[in-house]
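K.L.:
Got a predicted structure here, sequence first:
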Amino acid sequence: MRGQMQYKRSFALLVSGIFAINVLELATIFILFRHFETLGGWRVGEIAFLYGLSSISFSIAKIFSGGLDGFQVQISRGEFDRVLTRPVSPFVQVLCADVKLHQVGRLLQGIMAFGIALTLTDVHWSTGRLLYLPVAIVSAAAVFLALFSFEATMCFWTTEATESVNAFTYGGTTLAQYPLQIFDGWLRRLFLWIVPLGFTIFLPALYLLDKPDPLGMPGFSRFVAPVVAILFCAVAGFFWGVGVRRYRSTGS
Amino acid sequence: MRVYVELARRSFQRHLAYRQATIAGMFTNAVFGVLIASVYGALYRSRSGESDVAGFGVSEMYTYVWIGQSLLMVVAVWGWWEMATSIQTGNVIVDLMKPVDYFGYWLSQDLGRAACHTLTRFVPTFLFGELLYDLARPGEPARWLLFAASVALGVVVSFAFRFMLNAAAFWMTDIAGVRMMALVATTFLSGLLVPLTFFPPWLRTIANLLPFRTFVMIPIEVFLGHGSAMRALGLQVFWAFALSGMALLVLRRAVRKVVIQGG
């Protein structure tokens, strides 16, 4: 019983800690805007809006990334062989192996940020917007989860260099907090065409906030989030398949 | 004394071996550096009027971003938990029985690690920033030495703080909560996320009273020539002694606990 209480206390501490550290990131944005009026033409409420979207979708992906996170340990311990013998898809097994419930702290913080953003901006919630909001969030979450999947797949080849994917996951969620046009061409193209966070966070935000597109993209580009997310996940799935095949063939 | 140098040297070599992780880390640092620099660049562009914000011009802002990214690993802003692990596995008993002072044992290894990270993380990241951005650099060579001294002191203060955090493992089996809280304090109050001069006055006061600014903010201020370098270094020396003193007290209680429990 005492063990359970200790665990609950530790869990609560962990959730609060994650909440706190992310709240500080949000606080940083407000601190910055004490000294500046706009960022790329966007006001603080609109930045908070982007932040909320980015944080919520990243949190969702993080919650489900537990198994992928533990994959490195699983494969180095040789436990993956057992996974391959079972009739269920190895990816599904790995994915479901663990859930990072404490990341709900980050999710709560993201929802709070989005709430704050709504009080600071004037969104006209049409039915279209209300329906598209969860679609965009789930699409972005899928993109992040696919990135975590890439990171896990890299473990088939290397165990040390997987950290580099942090540039796209943590880097991506940070970048998505800001309007895409402030970034140099190559960085913008990277997070639009290669890691499609631009299509799942920024462009949907343009629609939700009813802002003009600074990138000069065709109008429908704001609505392709789910399509792009599915494509990206397919690529991640293909890459995973390559990894599994290689693992099998090397007879580890 | 020779023992400590040897420990530091071995730690240096040990960390040098993590080649792939180093490259991956450098890549992440570089991406974040460009990302954050872009944000500040856009913020400054949006301002018409004075170019200085809370004591930082654009060029100095870029310098702040890149030194922050370069210094992260050196002062271990995101923590270091080797000692806690050794406590949890029980290896600490062996370490405590060594003829070396326990605090010194870990300090010398941390200095070796920091030296290695200076070479493998600070230098490449800073050079990369230098290549892409117009960074503000110190006029006289003496300032570089002051900066080096400031970083070294920052590492020591950071170590003393991390020592105490790791020592929590003597009393708690699950230190995940401690790790989180430490992360919260160090990233925000060290000036890594945003310069401390940007804080609202009440928060600024709190940050100034705490040791975390010695990790990142003070070295940057020394580098840029903001304020008196002597006062800055003096403050770091104060915290180095204060936190080390606290750490030794914590250690004494921990050892007493271990002995009493017949460990």
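P.N.:
Cool, got the structure.
K.L.:
Spell out which parts of the stretch 101-250 of chain B neighbour chain A.
P.N.:
Where proximity means CB under 8 Å from any CB of the partner chain, the interface of the stretch 101-250 of chain B facing chain A comprises B:173-174, B:176-177, B:179-181, B:183-184, B:187-188, B:193-194, B:198-200, B:203. Bear in mind the C-beta positions are built from the backbone N, C-alpha and C, glycine included.
K.L.:
please redo it, this time with the cut-off set to 10 Å
P.N.:
B:132, B:172-185, B:187-189, B:192-195, B:197-200, B:203 (CB under 10 Å from any CB of the partner chain).
K.L.:
Show me which of the residues you listed are buried.
P.N.:
The neighbour-count test (16 or more other CB atoms under 10 Å in any protein chain shown) marks B:174-175, B:177-185, B:187-189, B:192-195, B:197-199 as buried among those.
K.L.:
when you check those against the helices, which ones overlap?
P.N.:
Helix and strand membership here follows DSSP state H; of those, those in helices are B:Gly177, B:Val178, B:Arg179, B:Met180, B:Met181, B:Ala182, B:Leu183, B:Val184, B:Ala185, B:Thr187, B:Phe188, B:Leu189.
K.L.:
From those, pick the one nearest B:Thr125.
P.N.:
Of all these, the one with the least separation from B:Thr125 (CB to CB) is B:Thr187, at 17.2 Å.
K.L.:
can you tell me how far B:Met83 sits from chain A?
P.N.:
Using CB to the nearest CB, to the nearest Å, we find B:Met83 at a distance of 20 Å from chain A.
K.L.:
in what helix or strand does B:Val156 lie?
P.N.:
Secondary structure assignment for B:Val156, by DSSP states H and E: helix B:141-167.
K.L.:
Equivalent analysis for A:Leu208, please.
P.N.:
Short version: A:Leu208 belongs to helix A:203-209, going by DSSP H and E.
K.L.:
what does A:Phe11 give?
P.N.:
Under the criterion of DSSP H and E, A:Phe11 resides in helix A:2-32.
K.L.:
Under a three-state scheme, what state does the residue nearest the centre of chain B occupy?
P.N.:
The residue lying closest to the centre of chain B (CA atoms, centre = their mean) is B:Val75, at 2.2 Å. Under the three-state scheme (DSSP: H, G, I helix; E, B strand; the rest coil), B:Val75 adopts coil.
K.L.:
What ranges does the chain have for its strands?
P.N.:
Picking chain A for this. With strands called from DSSP state E, chain A shows none.
K.L.:
Please name the residues that touch the most centrally placed residue in it.
P.N.:
The central residue of chain A, meaning the one whose C-alpha is nearest the mean C-alpha position (CA atoms, centre = their mean), is A:Phe58 at 2.9 Å. A:Phe58 is in contact with A:22, A:65, A:103, A:106-107, A:110, A:140-141, A:143-145, A:147, A:169-170, A:172-174, A:176-177, A:197, A:201, counting by CB atoms under 10 Å, 6 or more residues apart in numbering or on different chains.
K.L.:
Tell me the buried residues within the residues you listed.
P.N.:
The buried subset of those (16+ other CB under 10 Å) comprises A:22, A:65, A:103, A:106-107, A:110, A:140-141, A:143-145, A:147, A:169-170, A:172-174, A:176-177, A:197, A:201.
K.L.:
Verify the contact between B:Val77 and B:Val216 for me.
P.N.:
Yes - counting by CB atoms under 10 Å, B:Val216 is a contact partner of B:Val77 at 6.8 Å.
K.L.:
Now for these two: what residues contact both?
P.N.:
Any residue near both B:Val77 and B:Val216 by CB under 10 Å, 6+ apart counts here, and that gives B:Gly68, B:Leu71, B:Gly154, B:Ser158, B:Thr186, B:Thr187, B:Ser190, B:Leu192.
K.L.:
want to try JSON lines for those, with pLDDT as columns?
P.N.:
Below are the shared contacts of B:Val77 and B:Val216 laid out as JSON lines (pLDDT from 0 to 100):
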{"residue": "B:Gly68", "pLDDT": "94"}
{"residue": "B:Leu71", "pLDDT": "94"}
{"residue": "B:Gly154", "pLDDT": "96"}
{"residue": "B:Ser158", "pLDDT": "96"}
{"residue": "B:Thr186", "pLDDT": "90"}
{"residue": "B:Thr187", "pLDDT": "89"}
{"residue": "B:Ser190", "pLDDT": "93"}
{"residue": "B:Leu192", "pLDDT": "91"}
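K.L.:
Extract the residue ranges of the chain that are flagged as low pLDDT.
P.N.:
Answering for chain A, as no chain was given. A:1-6, A:251-252 (pLDDT under 70).
K.L.:
wait, I meant chain B there
P.N.:
Within chain B, the ranges that satisfy pLDDT under 70 run B:48-50, B:261-263.
K.L.:
Tell me the residue of it that sits nearest chain A?
P.N.:
Proximity of chain B to chain A (CB to the nearest CB) peaks at B:Met180, 2.6 Å away.
K.L.:
and that residue, what is it in contact with?
P.N.:
Per CB under 10 Å, 6+ apart, neighbours of B:Met180: A:Leu13, A:Leu14, A:Val15, A:Ser16, A:Gly17, A:Ile18, A:Phe19, A:Ala20, A:Ile21, A:His102, A:Gly105, B:Gly79.
K.L.:
what do you get for B:Trp171?
P.N.:
With CB under 10 Å, 6+ apart as the criterion, the residues that contact B:Trp171 are B:Ile87, B:Val178, B:Val250, B:Arg253, B:Ala254, B:Lys257.
K.L.:
Can you list phi and psi of it for me?
P.N.:
Its backbone dihedrals place B:Trp171 at phi -110, psi -30, with angles given as degrees, to the nearest 10.
K.L.:
Any figure for the gap between it and B:Ile87?
P.N.:
Remark: distance between B:Trp171 and B:Ile87 (CB to CB, to the nearest Å) = 10 Å.
K.L.:
Does B:Ala176 touch A:Ser16 like I think?
P.N.:
No - the criterion here is CB under 10 Å, and B:Ala176 misses it with A:Ser16 at 11.7 Å.
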